[in-house]
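Trainee: Build me a model:
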Amino acid sequence: MKTAIFYGSSTGNTESVAKKILKKLGGVEVLDIYDISSTKVEKISEYEKLIIGSPTWGDGDLQDDWESVFEKLKNIDFAGKTVALFGLGDQEEYPDKFLGAMWLLYEVIKSKGAKIIGEWPASGYYHNNSKAQDGDQFVGLALDEDNQSEMSDGRIDDWCEQIRSEIL
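Mentor: Take a look at the predicted model:
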């Protein structure tokens with residue numbers, strides 16, 4: 001069974017990251033990819049291995065497309081599924097709410113029985129606070145395209161190597 005990437009993107013940054021992850025992990029021959037704005041969230045149920053990504057908007061909020069399906073996401077059974085998360089945020093403009101959307105997705109997915117993989121070191125970031133951080137680790141890949149875009153490709157590459165054996 002293939003792995004699937006599900007993402008929401010308003011400005012194109014998260015879509016770009018999703019496509020980089022897709023390419024790094026083997027392309028469409030190995031993974032399926034879905035923009036949640038044009039896909040029923042229930043499609044997630046068809047996969048045992050998932051990569052889910054979202055940018056954080058405003059004061060720690062979900063991106064609009066994820067927000068519109070969030071209640072339905074809460075009804076999906078993630079038991080037996082392996083999930084890796086990635087999130088985009090602006091740690092300079094929102095240092096106290098960095099990656100809030102990734103946390104909201106994590107909280108629901110974890111509570112519905114998923115095995116979460118892909119924790120990411122919090123070192124090298126300069127935010128004040130993040131619910132998506134547990135000790136010295138984020139619950140998934142943390143990216144800041146506004147302030148640290150030059151670090152994103154390396155972080156994506158390293159994270160993909162980290163999750164490869166469990167997600168493919």
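Trainee: Strand partners (parallel or antiparallel) of the longest strand seen in the chain?
Mentor: As assigned by DSSP state E, the longest strand anywhere in the chain is strand 49-57. Using DSSP bridges, strand 49-57 pairs in its sheet with strand 3-7 (parallel), strand 61-62 (antiparallel), strand 82-88 (parallel).
Trainee: Figure out which of the ones you listed is closest to residue 68.
Mentor: Smallest distance to residue 68 across these (CB to CB): 9.0 Å, for strand 61-62. For glycine as for every other residue, the C-beta is placed from the backbone atoms N, C-alpha and C.
Trainee: Could you pull up the mean pLDDT of the closest one?
Mentor: Taken as a whole, strand 61-62 has an average pLDDT of 96.
Trainee: Over the longest strand of the chain, what's the mean pLDDT, rounded is fine.
Mentor: Average pLDDT, strand 49-57: 98.
Trainee: would you turn the strands paired with strand 49-57 into TSV with mean neighbour count?
Mentor: As requested, those are exported to TSV (neighbours: other CB atoms under 10 Å):
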stretch	mean neighbour count
strand 3-7	23
strand 61-62	19
strand 82-88	27
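Trainee: The lowest-mean-pLDDT helix or strand in the chain: what's the following helix or strand?
Mentor: Counting by mean pLDDT, DSSP states H and E, the chain has its least confident helix or strand at strand 133-134, which shows a mean of 92. Later in the chain than strand 133-134, the nearest helix or strand by DSSP states H and E is strand 137-138.
Trainee: ok, and what's touching that following strand?
Mentor: Residues from elsewhere that reach strand 137-138 (CB atoms under 8 Å, 6 or more residues apart in numbering): 87, 99, 102, 119-122, 130, 132.
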